[in-house]
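Participant: Fold the following, please.
(chains A and B)
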Amino acid sequence: MNRLRIPGPRPVPPMQAIGVAAYEADLTSGTPRMQVCNACGQTHFPPPCACGCGGTAFRAENLPTNGTLYAATIIHAAPGALAALAPYVVGLVDLQEGPRLLLRVLGPQGWVPECDSPVQLLVLDYDDGPVLAACPGNFDPTGTTTAGQGAQAGR
Amino acid sequence: MTGQICILGAGATRIDRWQAKTDRTDLDLLDEAVRGALEVAGVGRSAVEALSFTTPGPGTVQRLFSSYATARLGFRNAGKVVESGTGGWTGGLAFDAAAAEIARGRASVALALGVWMETGIDTATAMDGAIRSTGDVGYQTPSGATPLSWYAMDAQRWLHDTGGARADLAAIAVKNRRHAALNPLAQFTGDLTIPDVVNARPVVAPMGLYDVSPRGDGAACLILCDRATAEASGQPYTVLTGSAFAHDGAFQTGGQPVPVMPYKSLARAAALALEQSGQSMEDMDLFELYAPMTVVEAISVETLGLAALGQGGRAAADGVTAFGGAHPVNVSGGLLSRGHPTGVTALYDLMELHLQLTGAAGGRQVRDARHALHACETGKYNGAMVNILTAGGRA
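Facilitator: Numbers count the residues shown, from 1 in each chain, chains lettered A, B, ... in the order given. Purely as a prediction, here's the structure:
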C-alpha cells in the first residue's frame, strides 16, 4: 500500500459513521477492507447494514489496491476547509473485482486524470489520522517532497 | 386522484442575490410571491386550507418558519401547515404535500410555497456544509467531493463515452440564456456565446463557470385546488395528470462499477407519471428539467428519449430543445440562467409550466402548449420526481 505523509490535520476529518474507527485502524495498518455479502457475494464500500439482495451478513476482505479511474473532476471552487488544496482532484475509482470508491486522486504536477486510466490506492497520513486516496498506477508518491500540496493535478 | 388536482395560480420573485445585495428578508420575498399568486388566482386568504412550505435555506435564521410565515402572511383558516425538504427535489416535495391535502379531501385550496435565501453566506462556507450532503460523512466527505463535482464526473464520462462535443454542452448554456432573456423572473439575461462558455474559468473541470448554475435567492407560491374549485373559478388552470417518484437506491454513487448514464430514476419516474396521465412522451409540448449543469440537461434529454445518447447537447445546438423547436426544454432559462434557489427551484419550474399551459408566458409562450413534463431530482439523480401537467379550462 502506497503511503504519503502530510504534516498537519486532515482538512475534513471523518465524522460519525458506522465502522469508521475500524476503518481508520485498517488504513493505519495498511489493509483497508470492504464488506462482501455472504448471501450473494456483492462487494460493498462503505460498509452497509443490508445488501440489496436482503442479506445482512457480511465478511470483511481486503480492498483490491488496483483499479481504473471511471471518471474524475478537478475541483477549482473548493469548500473553505479544502481551499488550500485547490485545485484538487476527486474521482470514482473502480477497483479490480471490487466496488467503486469516491476518492481524492493525487498525481504529479500537471497530471490530467483520464477515464479508464490505471490507478492504485494511496493512504495519506496526516497528524490526526489517515485518509484513503488514489494515485496513477505509475506514480511513486514517496518521491514527492511537496507534502502533498504539489502532488495533485494542476491546471 | 389523478386529474383532480389543479394549479389555479402562481407567483414568484425575480431570482437574484437578494440577501447579498439588498436588505430584503426571506418573509419579504415570500410575501411578494404569495400576493402575486393570490391576486392572479382570485383567491382570498380565508379560502386557503393548507400551506405546504419548502424547508428554508441556510440564510434563514427563523426556525419553525412555516408557522411563523403562516401567521405573518395572514392565513387564519389553515389545517395542515408543514415544511418539506430533501435536496434538489425539495420544491417537488412541498408541491406533493400540498397535492396530498387536496387528494385526501382535507383542503379545497392548498398552497405550495417557499423561500430560499443563501447568498448571505459565502460560497466556500456554504460548500463546507454541502459536502456533507453529497458524500458519506465517514467515508467520502473527507475527500471533498462538492455537489457540482459529481455532475462534473458525469461530464467527463459523457464526453469520453459518447463522443459528444464540449461545444455542444456549451450550446445548452447559450440556449438557456436566450430563453432567460424572455423571462422577467430570470437571474441572468445577458448575451452568452459558445466561446464564452468553453473559455470560462474552470469550476469543476471540465465544467466551467457558465456550465454550472449560479447561487441565488427567491420565493415562489403555487395555488393548488380541487377540480370543482378550479372549474368554478372562471380562471384558466392546469391539471396534474400524472405524478411519480423513483429512487435508484444509491447515495451519489451506488458503489458498483456500472454506467452513470442514462439516469435510471428519471426514466422510471417519467414512465410511471406518463402511464398515470395516459399520455406518451410525444404528447409533451415542453419540458422543465432540473439541470444544475449543462451535462445534466444533456443526459436528462437523452434519458427521456428526446435525443440519442450523446446527442443531448447537439439537440440544443440544432434548436431541437430550444424555444420554437420540436422539444422545448427549460424555456424559463432553467437552473443555469433563470436561476437555482435550490429549495424553491422546482416551484419555479412548475410555475413556468403553469404559465405556459395557461397561455400566460408572454414572449416565450410555446404555441398551443397543452401538455408538459416537469422533473426534479435529489442527490445525483439518485431520486427523481416527474409531474405531468395538462391545460385545463380557459376563461
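
Participant: centroid residue for chain B?
Facilitator: B:Ala346 (2.8 Å; Cα atoms, centre = their mean).

Participant: tell me, how many neighbours does residue 138 end up with?
Facilitator: I went with chain A, as the question did not name one. Residues contacting A:Asn138 under the criterion other Cβ atoms under 10 Å in any protein chain shown number 11. C-beta coordinates here come from the backbone N, C-alpha and C atoms, glycine included.

Participant: oops, chain B please
Facilitator: 20.

Participant: Mind checking what secondary structure it has?
Facilitator: Using DSSP: H, G, I helix; E, B strand; the rest coil, the structure places B:Gly138 in coil.

Participant: before we move on, what about the one 4 residues further on?
Facilitator: Following three-state DSSP, we place B:Pro142 in the helix state.

Participant: just B:Glu302 next, same as before
Facilitator: Put simply, B:Glu302 is helix when judged by three-state DSSP.

Participant: Spatially, what comes nearest to it if we skip its sequence neighbours?
Facilitator: B:Gly312 (4.5 Å; Cβ to Cβ, 6 or more residues apart in numbering or on different chains).

Participant: okay but that neighbour is in contact with B:Val301, surely?
Facilitator: Yes: the criterion here is Cβ atoms under 8 Å, and B:Gly312 meets it with B:Val301 at 4.0 Å.

Participant: shared neighbours of the two, anything?
Facilitator: B:Thr321 (Cβ atoms under 8 Å, 6 or more residues apart in numbering or on different chains).

Participant: More neighbours: these two, which one.
Facilitator: B:Gly312 (33 against 28).

Participant: any chance you could map the strands in the chain?
Facilitator: All of this refers to chain A. A:2-5, A:33-37, A:43-44, A:58-62, A:66-75, A:88-95, A:100-105, A:118-126, A:129-136 (DSSP state E).

Participant: Actually, chain B is the one I wanted.
Facilitator: For chain B, strands defined by DSSP E occupy the ranges B:5-12, B:50-54, B:81-84, B:109-116, B:202-205, B:207-208, B:218-226, B:238-247, B:286-289, B:371-378, B:383-391.

Participant: List just the one of those that sits closest to chain A.
Facilitator: Among the strands of chain B, strand B:202-205 comes nearest to chain A, with 3.9 Å by Cβ to the nearest Cβ.

Participant: can you tell if that closest one touches chain A?
Facilitator: Yes: judged by Cβ under 8 Å from any Cβ of the partner chain, strand B:202-205 and chain A are in contact via B:202-205.

Participant: and those as JSON lines, adding pLDDT?
Facilitator: Shown next, in JSON lines, are the residues of strand B:202-205 next to chain A (pLDDT from 0 to 100):
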{"residue": "B:Pro202", "pLDDT": "97"}
{"residue": "B:Val203", "pLDDT": "98"}
{"residue": "B:Val204", "pLDDT": "98"}
{"residue": "B:Ala205", "pLDDT": "97"}
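
Participant: In chain A, which residue sits nearest chain B?
Facilitator: For chain A, Cβ to the nearest Cβ, closest residue to chain B: A:Ala17, 2.4 Å.

Participant: My guess is B:Leu222 contacts B:Ala10. True?
Facilitator: Yes: counting by Cβ under 8 Å, B:Ala10 is a contact partner of B:Leu222 at 4.9 Å.

Participant: So those two - more neighbours on which side?
Facilitator: Ranked by neighbour count (other Cβ under 10 Å), B:Leu222 and B:Ala10 place B:Leu222 first, with 31 against 28.

Participant: For the stretch 251-395 of chain B, give me the ranges with low pLDDT.
Facilitator: By pLDDT under 70, the weakly predicted segments of the stretch 251-395 of chain B are B:393-395.

Participant: Mind listing the shared neighbours of B:Leu222 and B:Ala10?
Facilitator: B:37, B:350-351, B:354.

Participant: filter those to the buried ones?
Facilitator: Neighbour-count burial within these applies to B:37, B:350-351, B:354; the criterion is 16 or more other Cβ atoms under 10 Å in any protein chain shown.

Participant: the helices in chain B, which residues?
Facilitator: Counting by DSSP state H, one finds helices in chain B at the ranges B:18-21, B:26-41, B:65-72, B:90-103, B:123-130, B:147-162, B:166-180, B:194-198, B:227-233, B:264-277, B:294-303, B:312-317, B:334-337, B:345-357.

Participant: Mean neighbour count, those helices: which tops it?
Facilitator: Highest mean neighbour count among the helices of chain B (mean count of other Cβ atoms under 10 Å in any protein chain shown): helix B:334-337, with a mean of 31.

Participant: Just checking that one against chain A, any contact.
Facilitator: No: if you take Cβ under 8 Å from any Cβ as the test, helix B:334-337 misses chain A, and the best it gets is 15.6 Å.

Participant: now for that helix, which elements pack on it?
Facilitator: Using 3 or more Cβ pairs under 8 Å, 6 or more residues apart in numbering or on different chains; DSSP states H and E as the contact test, the elements touching helix B:334-337 are helix B:166-180, helix B:294-303.
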